[in-house]
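Trainee: Build me a model from this:
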Amino acid sequence: MTTIGQVQIRKQVADRLKKARQSAGYKTAKSFCTEHNIDLKQYLKQEEGKAAIKASHAVLYARCLNVSLFWLMLGED
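Mentor: Below is the predicted model of the structure:
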């Protein structure tokens, strides 16, 4: 069962993920996923806040987007 707090946190992480992708110069999720061989369907669920981001994915996204893992997941530098 997902709580309201979990949904809010997932949405905040999703918003940071999208911001990081756009700031890295990827206009679309598809272009980002294609370049880095990432499953587009799963990534979109995560970027839209519909699915939680697994730790292994978070590390990959942070590395590919050149952002801090702490910032991506917690909003902190």
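Trainee: The longest helix seen in the chain packs against which elements?
Mentor: Across the chain, the helix with the greatest residue count (assigned by DSSP state H) is helix 4-23. Under the contact criterion of 3 or more C-beta pairs under 8 Å, 6 or more residues apart in numbering; DSSP states H and E, the helices and strands touching helix 4-23 comprise helix 40-47, helix 55-65, helix 69-74. Yep, even glycine has a C-beta here, placed from its N, CA and C like the rest.
Trainee: Skipping adjacent residues, who's closest to the residue most central in space within the chain in space?
Mentor: Taking C-alpha atoms, centre = their mean as the criterion, Leu17 is the residue nearest the geometric centre of the chain, at 3.4 Å. Once its chain neighbours are removed from consideration, Leu17 has its nearest residue in Glu47; the separation is 5.2 Å (C-beta to C-beta, 6 or more residues apart in numbering).
Trainee: Next: Cys33.
Mentor: Leu40 (4.3 Å).
Trainee: Test for you: state the pLDDT assigned to that neighbour.
Mentor: Predicted confidence (pLDDT) at Leu40: the value is 98.
Trainee: now swap in the one 4 residues further on and tell me
Mentor: Model confidence at Leu44, expressed as pLDDT, equals 98.
Trainee: In TSV, list the helices and strands packed on helix 4-23 along with mean neighbour count and distance to Phe32.
Mentor: Formatted as TSV, the entries for the helices and strands packed on helix 4-23 read as follows, by neighbours: other C-beta atoms under 10 Å; distance: least, C-beta to C-beta, whole Å:
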stretch	mean neighbour count	distance to Phe32
helix 40-47	16	8
helix 55-65	16	7
helix 69-74	15	14
